[in-house]
Every structure is written in structure tokens, then in C-alpha cells.
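Novice: Could you work out the structure for the sequence below:
(one chain, ligands or ions: 1)
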Amino acid sequence: MTCTLCREDVHKSFKGINDILFWQCNNCNLIFKDVEFLPSPEAEKLRYSQHNNTPDCKGYVEHLQQAIEPTLPFIYEGMTGLDFGCGPNPVLSQLMSDSGYECYHYDPFFFPELPDERLEFMFATECFEHFFNPGRELNLITSLLIPAGVLTIITERWKDTTDFNTWWYARDNTHVCFFHDRTIEFICEHYGYETMHDDGEKLVILKKLVVGR
Ligand SMILES: [Zn+2]
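Specialist: Alright, predicted model coming up:
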């Protein structure tokens, strides 16, 4: 098996929740579901459509604030950004626009057009865990960001103590890859980022190095 992030050969696999076959990369520490357990595009779109996340939903706005508030010290009003993987209701870009930022949104299922300019900040909240091909998505994200651009990621990270037989995050059939602290380190080294903020659980704010790609 080839790692879907770093492309190294992966030899370690195990069965977890619902008898799902997981692969664990020894190089970047990504854990990803075997291709047989990936959802169909129809199943994915249906599942995302059921997310009832609207601007009127107070809980969802609070959830997005967990990404926005720690990002604000690293960006300025008037900057242009993108909510990558926004889902059917682009609430985050609206919140940012209301606060004086220009913010596009993109989602391969619902808003498949990318902006025609490079961006000063990007949000990817509850998005990385859905990537069938995180290496390709990170190439795309990195190419869209200007040097010194800010990338805010929320995805629950697995720990050395995580039990994939019981972990709720692995149960969702659209969650297909799982990042570890070391996976974030790999992303920084390989794609050229430095960590600005890390809550140690799910939120990490990266800055694209000026000398890089
Ligand atoms: Zn890997």
C-alpha cells in the first residue's frame, strides 16, 4: 500500500471499528482507511447534505469561532482568504466577510470553483479527515496560499493511546484519514510551513514559509 500523504510504502495495517481495515504509515504517521472502505461520491454528498449547519445554528457558529478566534492575531482586516471544504452552507466565509475580510469558499461537492487569485489565509475546518488523497489536496492548498499565508486546520488528531476499535472519529464513514502530531510535523517539513499555534488536540495554525514553494 502507498501512503496517501507522503507516498512511502506502508506495511502496517490493522482492523478497527466495524471491521474497517486501516493502514498506518511509518514515515508520516498518517492512518488511513483501505480503499475498500471509502464511501462512494453519492454517499459522501448525501452525508454532507445532512449536515444542518446554518448561520442560525448557534452551536455551529460557536464551533467555527474555535477556528476563527485563534487565527485573527495572524491576519489583518482587508486580507483575502478561502474556506476550503466549506460544505453545503458557507457560514465561515460569511462570518469573515462580516468582520471585514474578503473570504471565498470552496467545496468539491457544493461550490467547486476555486478563486482565481492566491490567498492570504485559508481555513480547513473538519475537512482534512475527508481527504482520499491528502498529498494532492495539500499540494493544491499550498499552491493557493501566498508565501507567509496562514492555514488554519481543525481535524481531530489520533494519539499513541487512541484505540481505533472505539474511537468515535473513525466511525463516521466519510472520515477516511487521521493525522498525528508527527503528521503535522511532516506537513510542515515537506510543504514548507511553520507552526504558529497548536492546541495539541485538533486545531493547528500554520504559516507558509516565505522561502519554500
Ligand atoms: Zn506517509
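Novice: Show me which residues of this protein sit near the ion.
Specialist: For the chain, the residues in contact with the ion (CB under 5 Å from the ion) are 3, 5-6, 25, 27-28, 30. All C-beta atoms are positioned from the backbone trio N, CA, C, and that covers glycine.
Novice: hmm, which of these are the buried ones?
Specialist: The neighbour count (16 or more other CB atoms under 10 Å) marks 3, 5-6, 25, 28, 30 as buried among these.
Novice: Now render those residues as CSV, adding secondary structure.
Specialist: Formatted as CSV, these follow (DSSP: H, G, I helix; E, B strand; the rest coil):
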residue, secondary structure
C3, coil
L5, coil
C6, coil
C25, coil
C28, coil
L30, coil
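Novice: could you pull out the helices for this structure?
Specialist: Using DSSP state H, the helices of the chain run over 41-49, 58-71, 91-98, 134-144, 168-171, 181-191.
Novice: Out of the ones you listed, which is closest to G200?
Specialist: For the helices of the chain, the distance to G200 is smallest for helix 181-191, at 7.7 Å, taking CB to CB.
Novice: which residues does the spatially most central residue of the chain contact?
Specialist: What sits nearest the mean C-alpha location of the chain, by CA atoms, centre = their mean, is F128, with 2.6 Å. By CB atoms under 8 Å, 6 or more residues apart in numbering, F128 lies in contact with 134, 137, 153, 155, 177, 179.
Novice: quick one: which of those has the most company?
Specialist: Scoring those on neighbours with other CB atoms under 10 Å, the highest-scoring entry is F179 at 26 neighbours.
Novice: I figured that one was touching K159, is that so?
Specialist: No - F179 sits out of contact with K159 when judged by CB atoms under 8 Å, with a separation of 10.9 Å.
Novice: Dump the lengthiest strand in the chain to PDB, keeping only the CA atoms.
Specialist: Across the chain, the longest stretch assigned as strand under DSSP state E is strand 145-154. The C-alpha trace of strand 145-154 is given here as PDB (Å, rounded to 0.1, in the frame of the first residue of the first chain):
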ATOM      1  CA  LEU A 145      -1.600  30.300  -0.500                       C
ATOM      2  CA  ILE A 146       0.800  33.200  -0.900                       C
ATOM      3  CA  PRO A 147       4.200  33.000   0.900                       C
ATOM      4  CA  ALA A 148       3.600  33.800   4.600                       C
ATOM      5  CA  GLY A 149      -0.100  32.900   4.100                       C
ATOM      6  CA  VAL A 150      -1.900  31.400   7.100                       C
ATOM      7  CA  LEU A 151      -3.500  28.000   7.100                       C
ATOM      8  CA  THR A 152      -5.900  27.000  10.000                       C
ATOM      9  CA  ILE A 153      -6.700  23.300  10.200                       C
ATOM     10  CA  ILE A 154      -9.200  21.600  12.500                       C
END
